[in-house]
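Chemist: turn this into a model:
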Amino acid sequence: MSGRKDYLSIGSRIEILKMISKREKSFPSQILDLKNECSFLISGPIWKNRIIPIHEGEKITLSYVVKDKGRYAFDVLVTDRKYKKIYILEVKKISDIRKYQMRRYYRFNISIPVIKEFIIKKNTEKEIITEECKTKDISGSGLRLYSNFKHRVGDIIKCKFKIEDQFMNIKSKIVRIEEIDTFEYKYSLGIDFIDITEKDRDIIIKFIFKQERILIEKGLI
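Modeler: Residues are numbered from 1 along each chain as shown. Here you go, the predicted model:
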């Protein structure tokens, strides 16, 4: 992946990774124009209808997904910024491309129906417990799920749900359990995806970005 044509083009969806208060934050962005092999224009980050300031001379990281290969990243230097009708950054590539595993994913509050499957072993027999659940939130790394089944931390489950027209069937692990008091559910389950393709992860992340943009346009966030 040495040439720019191998990984980015005008309109490509990317993420800007920036350190804020000693934590890495991720913001959606897009390639707006290609100037040469190492220099291009991207949309600047906006969060909750506010511009996230990135200054000329600042170093940031760009992350993107290559279909069937995974997530990659490289560092860029901000060489110019413009505030016109849209927030634009001109950046120059200053590092090699590397395989990248995001450490954190933004969790988006949304209720999505989920079919949860859990296998129980009884002697030599196996029984599949199926439950209709709903999400409290979702991210590229997992979700928070409302449930009535009394699980244990470490339980391995299957989460089946749809993101727009895409069907997900993801092997997951329960990492946290909280008792809640709602009319429908007794427990809130913190769930990490443990077997998810980069394609499915990217579908989830793009869905979150799309829903955020809709809320921003409505002035709700």
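Chemist: count of neighbours near I94?
Modeler: I94 has 11 neighbours, counted by other C-beta atoms under 10 Å. (Each C-beta comes from the backbone N, C-alpha and C, glycine too.)
Chemist: tell me the contacts of it?
Modeler: I94 sits next to K59, D75, V76, L77 when contact means C-beta atoms under 8 Å, 6 or more residues apart in numbering.
Chemist: closest one of the residues you listed to K35?
Modeler: Within these, the smallest distance to K35 is 12.4 Å, found for V76 (C-beta to C-beta).
Chemist: doesn't that closest one fall inside a strand?
Modeler: Yes. Assessed by DSSP: H, G, I helix; E, B strand; the rest coil, V76 belongs to a strand.
Chemist: so what's the residue nearest to it when sequence neighbours are not counted up against?
Modeler: With C-beta to C-beta, 6 or more residues apart in numbering as the criterion, V76 has its nearest non-adjacent residue at 3.9 Å, and that residue is V91. Contacts here follow C-beta under 8 Å, 6+ apart; on that basis V91 touches S39, F40, L41, I42, I60, L62, V76, L77, V78, T79.
Chemist: between the two ends of stretch 55-64, what distance do you get?
Modeler: In stretch 55-64, first residue to last residue: 22 Å (C-alpha to C-alpha, to the nearest Å).
Chemist: list the buried residues of stretch 113-130.
Modeler: Buried residues in stretch 113-130, counted by 16 or more other C-beta atoms under 10 Å: V114, K116, F118.
Chemist: for this protein, give me the ranges with low pLDDT.
Modeler: 1-7, 21-23, 67-69, 101-106, 216-221 (pLDDT under 70).
Chemist: ok, 80 please
Modeler: Applying pLDDT under 80 to the chain picks out residues 1-7, 19-25, 47-49, 65-71, 84, 99-107, 122-124, 209, 212-221.
Chemist: is K199 in a helix, a strand, or coil?
Modeler: Secondary structure assignment for K199 (three-state DSSP): helix.
Chemist: please report the distance of it from R71.
Modeler: From K199 over to R71 the distance is 11 Å, taken as C-beta to C-beta, to the nearest Å.
Chemist: between these two, which contacts overlap?
Modeler: Common neighbours of K199 and R71 (C-beta under 8 Å, 6+ apart) are V65.
Chemist: neighbour count winner among the two?
Modeler: Taking neighbours as other C-beta under 10 Å, K199 and R71 compare with R71 leading, 18 against 13.
Chemist: right, and that one touches Y64 too?
Modeler: Yes. Counting by C-beta atoms under 8 Å, R71 touches Y64, with 7.2 Å between them.
Chemist: who's in contact with the nearest residue in space to Q30 that is not next to it in sequence?
Modeler: Nearest non-adjacent residue to Q30, counting by C-beta to C-beta, 6+ apart: S43, 4.9 Å away. By C-beta under 8 Å, 6+ apart, S43 lies in contact with S29, Q30, L32, I86, Y87, I88, L89.
Chemist: adding neighbour count and distance to I157, write those residues out as TSV.
Modeler: Output for the contacts of S43, formatted as TSV (neighbours: other C-beta atoms under 10 Å; distance: C-beta to C-beta, whole Å):
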residue	neighbour count	distance to I157
S29	23	34
Q30	13	35
L32	16	41
I86	10	42
Y87	18	41
I88	16	44
L89	24	41
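Chemist: all set now, cheers.
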